[in-house]
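Undergrad: Take a look and give me a structure for this.
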Amino acid sequence: MTKLSVNINKIATIRNARGGNTPNLVDVAKDCERFGAQGITVHPRPDERHIRYEDVRQLQPIVTTEFNIEGYPTNDFIELVLRNKPHQVTLVPDSPEVLTSNAGWDTITHQDFLKETVSTFKNEGIRTSLFIETNDDLIRAAKDTGADRIELYTEDYASHFKANKEAAIQPYTESALIAQELGLGINAGHDLSLENLAYFAKNIPGLLEVSIGHALISDALYYGLENTIQMYLRKLNF
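TA: Take a look at the predicted model:
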């Protein structure tokens, strides 16, 4: 069964637009879990333009499902993760100025850095996942870092889904098969939506978890948060 982890960055963006604490991030996280989400994802960035480091500290004791912290492993990020001990840390190669994640790791070029970073988290019992594209060599190198899982970067799939879904999914299916052979767990995220999620989940063997934020929160404006989470869960539980 594929788990749905709700990325609540967009809730923090709305809150930060006006200051104060509305909407309340902790309450929303609790509600997401109550409505069926099997995980909560946050992606704090150095400028704290949505999720703040203090949000992570407040969420850690109240998340009862799976807490997933994403981010680029700066010293501050590593310290944040080690202090708050999430179930999973997802490492992304974002530079501070990017609007959203836009590439996967070059696990060959950054092999030594990733090995050291992954080891730091695994020594503390934190599962590690690497954000990665559908490249066989990079996936094999991800295994060499010691990571537990990869998170397939799905923007390319989402962009080409309408035009030719069979062609769009093919490299992801092939990458999942390679990851399975290597013993890597498989997560996925970025631009997955009600439109393309079911087809993706049906064609990715061993898919353990999807992390969805922007599309899900946008859909919730129309359908309501509880109903939207249930709609996404039904797409996964075909």
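
Undergrad: residues touching His110, list them.
TA: Pro93 (CB atoms under 8 Å, 6 or more residues apart in numbering). C-beta coordinates here come from the backbone N, C-alpha and C atoms, glycine included.

Undergrad: rerun that using 7 Å as the cut-off
TA: Residues near His110 by CB atoms under 7 Å, 6 or more residues apart in numbering: none.

Undergrad: Quick check: pLDDT value at it.
TA: pLDDT, the model's per-residue confidence, is 95 for His110.

Undergrad: Just read off the phi/psi values of it.
TA: For His110, the backbone dihedrals (degrees, to the nearest 10) come out as phi -100, psi 20.

Undergrad: now Tyr153
TA: Backbone torsions of Tyr153, given as degrees, to the nearest 10, read phi -80, psi 110.

Undergrad: For the nearest residue to it once chain neighbours are set aside, give its distance to Asp191.
TA: Closest residue to Tyr153 in three dimensions, ignoring its sequence neighbours and counting by CB to CB, 6 or more residues apart in numbering: Gly104, at 4.6 Å. In this structure, Gly104 and Asp191 are separated by 14 Å, where distance is defined by CB to CB, to the nearest Å.

Undergrad: If you count surrounding residues, which of these two has more?
TA: Just comparing Gly104 and Asp191: by other CB atoms under 10 Å the higher neighbour count belongs to Gly104, 23 against 17.

Undergrad: isn't that one right next to Glu151, touching?
TA: No - with contacts counted by CB atoms under 7 Å, Gly104 stays clear of Glu151, the gap being 8.3 Å.

Undergrad: joint contacts of the two?
TA: Residues touching both Gly104 and Glu151 comprise Phe131, Ile132, with contact defined as CB under 7 Å, 6+ apart.

Undergrad: in which helix or strand would I find the residue nearest the centre of the chain?
TA: Of all residues in the chain, the one closest to the mean position by CA atoms, centre = their mean is Ser211, 4.1 Å from it. Taking DSSP states H and E as the criterion, Ser211 maps to strand 207-212.

Undergrad: Tell me where the longest helix sits in the chain.
TA: Secondary structure of the chain per DSSP state H: the longest helix is helix 165-182.

Undergrad: Which helix or strand lies directly C-terminal to it?
TA: strand 185-189.

Undergrad: Quick one: list the elements packing against the helix or strand following that next one.
TA: Helices and strands here follow DSSP H and E; after strand 185-189, the next one along the chain is helix 197-203. Applying 3 or more CB pairs under 7 Å, 6 or more residues apart in numbering; DSSP states H and E, one finds that helix 197-203 makes contact with helix 165-182, helix 225-236.

Undergrad: buried stuff in helix 197-203?
TA: Judged by neighbour count (16 or more other CB atoms under 10 Å), helix 197-203 contains these buried residues: Leu197, Tyr199, Phe200, Ala201, Asn203.
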